[in-house]
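In: predicted model and sequence follow; I will ask about them next.
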Amino acid sequence: MTNRFLNRVHRSAHKNKIKRMKQTITVFVFTIIMGFCLRGQSTVKQAPPGFDTLRSGIQHGKIDTISYFSKTVGNNRRFILYTPPGYNRKNKYPVLYLLHGIGGDEKEWLNGGSPQIILDNLYAEGKIEPMIVVMPNGRAMKDDRAVGNIFDSAKVQAFANFEKDLLNDLIPFIQKHYQVYTDQKHRAIAGLSMGGGQSLNFGLGNLDMFAWIGGFSSAPNTKTPEVLVPDPELAKQKIKLLWISCGASDGLIVFSKRTHDYLEKYHVPHIYYIEPGVHDFKVWKNGLYMFSQLIFKPVDTSTFSAYPVVGAPSATNVRSAKYPQILPDHRVIFGIKAPDAKKVQVDLVRKYDMVKDTSGFWTVTTDSVSEGFHYYSLLIDGVAMADPSSETFYGMGRMASGIEIPFAGGGYYALRDVPHGDIRIKKYFSRVTNSWRQFYLYTPPGYDSALTESYPVLYILHGGGEDESGWATQGKTDLIMDNLIASKKAVPMMIVMPDANMGVSAFDESALKLFESELKNTLIPLVEKTYRAKSGAGNRALAGLSMGGIHTLYTGIKNTDQFSYLGVFSSGWIMPMQHSIADAQYDFMKINAITVNSNLKIFWIATGGKEDIAYKNCQIMLGKLGELNIKYTYYEYPGGHTWPVWRNDLYNFAPLLFRN
């Protein structure tokens, strides 16, 4: 009894011991896995001082120059190879292919970027996975030296040819001579400038080959986003990390930005990191420092949005101007050098007081600003003036600065690879005003080659305080129409953008009468005589925003024998100031309702929602039109009394025109 009891006790104790060991092992393994995951998923910070300084007392990797035969080029080529500290041929390693810029070769990273020092220091801190780094010559031609005219077409083409050399010669050579993993998830590609463009082109173009893709200050060789990522869903499945970074003051930021905007639109996970800097190794070294810590380990895409984007220069800045800068949350940083000024403000939606530093440089960061185009001014000691760092636009009754806040839904006015029409400026002498005037004219793609083709015409009018340049510049008329015509959403048409300022108070009936005469007696005859414009009401449309909408109402309603299409954007008779003009028109419509409804194929009225300053007047007018049984279509797009609303109005109005 005693022995059996003791044996039973021993067996029970042994089972408990095994159970405790299993639990301990499970916890240990779980801890390791969680620690690995947490290490892989943490947000990487910008490089600290000394990250690229050679350190003593740590292990160092090895740099070699290696030759390989390229069947693509037809001769031997060279690459720089970095093997990590403690490299052991018995182990397998992932590979990072690191590419140079247009003026460099396989030694550019080594000479300017100190990648071996950056990586050695990161290894010593336990921040990166052991990897082999291959730095090839990305100029795939027999004489691949960075000499002579580096922008020669053959040399530029050689950067594109390198894709074949990389895939068919270099990668197979690495896999044959080194202990490396050969699957997609253990292969990364990244590069600077021209090499950044190559990395995006080759990486996104070969999703079965590269899981980790990085572009640092990618250059103009970067393919358009639609070509880079034709299938966003496939990209989401294949890519483990897509990294896009650039210096905020780099003139090439537009190529990174357009790729980021496209990826964001289609919800393709990626890191978009904009840091202070220009087109130099300070930015590229930091790109390598951060990118290398993320590859070949678990990555949590939910952390991607945590990467900061410092203010990127506005698209409306003059060349190389650092300010204004737009932050990711659409706040804007303004800056100007004015050491002798006593007070400087920015007038953008509201007035912001700027603060001067010891050097006389004034700065301020605004609240978040709504998407799209906005006029603004600098107030220097009370005097309103245009910002010398910004392009200027005629608005507010004078030349003013303008800023374009990125708009996620603005793809319809993006510059795309489609046939483009032209914006022309025509000067003419007006017998109505007895003065020289001018109008802007959009001619559709193919106008100069299709010499037997004639086109219908839309006459479109600007708002108060603006002029004939408004629709051509602030309105982006040409881009909107190019994209609509290319997608066959609108018929090819000409668009005339005249100056509706007649030298008298814009909203008096005298001004309205003068412009009616100008349009009917001068502009239309001139356009139809000078250009291949179709005549007749069915081939003419009239539209306008704000003040231009009032002109459209005044001229269009009583001339439906001249125009079959009317568009009124953010407008309506101003009450009570224009009540007598409005009443006269309502009386006309009451008598001629059948004719107006019969002649007008489209009477399209739109506002920018309740925040539009014209909203109330427009609603009063719509009520009257309903009472008079005048047929119309009402459209509302939120955004107030602003150019983003009017661009959208044109985008929706133009496809309705000239269909019958």
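Out: Right, received. Where do you want to start? Numbering: from 1, shown residues only.
In: which residues touch the residue nearest to residue 470 when sequence neighbours are not counted?
Out: Leaving aside its sequence neighbours, residue 470 sits nearest to residue 462 (CB to CB, 6 or more residues apart in numbering; 3.7 Å). Just so you know, the C-beta spots here come from the backbone N, C-alpha and C atoms, and that holds for glycine as well. If you count contacts by CB atoms under 8 Å, 6 or more residues apart in numbering, residue 462 has them with 468, 470, 471, 497, 499, 500, 544, 545, 547, 548.
In: looking at those, which is nearest residue 239?
Out: residue 471 (40.7 Å; CB to CB).
In: the closest one and residue 186: what is the separation?
Out: Distance of residue 471 to residue 186, computed by CB to CB, to the nearest Å: 54 Å.
In: between the two, point out the one with more neighbours.
Out: Shown here are residue 471 and residue 186; by other CB atoms under 10 Å, residue 471 has more neighbours (32 against 19).
In: pretty sure that one sits against residue 477.
Out: Yes - in this structure, residue 471 is within contact of residue 477 by CB atoms under 8 Å, at 4.8 Å.
In: what do the two both touch?
Out: With CB under 8 Å, 6+ apart, residue 471 and residue 477 have common neighbours 460, 495, 497, 650.
In: compare the residues you listed and tell me which has the most neighbours.
Out: residue 460 (30 neighbours).
In: now residue 52: which helix or strand?
Out: In the assignment (DSSP states H and E), residue 52 maps to no helix and no strand.
In: likewise residue 459?
Out: Counting by DSSP H and E, residue 459 is found in strand 457-461.
In: please name every helix or strand in contact with that strand.
Out: strand 494-497, helix 524-530, strand 540-545, helix 547-557 (3 or more CB pairs under 8 Å, 6 or more residues apart in numbering; DSSP states H and E).
In: note down every partner strand of it and its orientation.
Out: strand 494-497 (parallel), strand 540-545 (parallel) (DSSP bridges).
In: the nearest residue to residue 538 once chain neighbours are set aside: how many residues sit nearby?
Out: Using CB to CB, 6+ apart and skipping residues adjacent in sequence, the residue nearest residue 538 is residue 564, 5.0 Å away. Using other CB under 10 Å, the number of residues around residue 564 comes to 23.
In: check residue 353 too.
Out: Residue 353, neighbours per other CB under 10 Å, totals 11.
In: need the pLDDT of it.
Out: The score at residue 353 is 97. That number is its pLDDT.
In: how about it, what does it touch?
Out: 343, 344, 345, 364.
In: ok, now residue 377?
Out: 346, 347, 384, 385, 386, 387, 396, 400, 401.
In: what helix or strand does residue 244 sit in?
Out: strand 241-247.
In: report the buried residues of whichever helix or strand comes after that strand.
Out: Downstream of strand 241-247, the next assigned helix or strand under DSSP H and E is helix 253-265. Across helix 253-265, burial judged by 16 or more other CB atoms under 10 Å covers 253, 255, 256, 257, 258, 259, 260, 261, 262, 263.
In: kindly export helix 253-265 (C-alpha atoms) in CSV.
Out: Extracted in CSV, the C-alpha atoms of helix 253-265 (Å, rounded to 0.1, in the frame of the first residue of the first chain):
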residue,chain,number,x,y,z
ILE,A,253,8.2,66.3,-54.0
VAL,A,254,5.3,66.4,-56.6
PHE,A,255,6.2,62.9,-57.8
SER,A,256,6.1,61.5,-54.3
LYS,A,257,2.9,63.4,-53.5
ARG,A,258,1.0,62.3,-56.6
THR,A,259,1.8,58.6,-55.8
HIS,A,260,0.8,59.1,-52.2
ASP,A,261,-2.5,60.8,-53.2
TYR,A,262,-3.4,57.9,-55.5
LEU,A,263,-2.5,55.2,-52.9
GLU,A,264,-4.5,57.1,-50.3
LYS,A,265,-7.5,57.3,-52.7
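In: for that helix, name the packing helices and strands.
Out: helix 225-228, strand 241-247, strand 271-275, strand 312-313.
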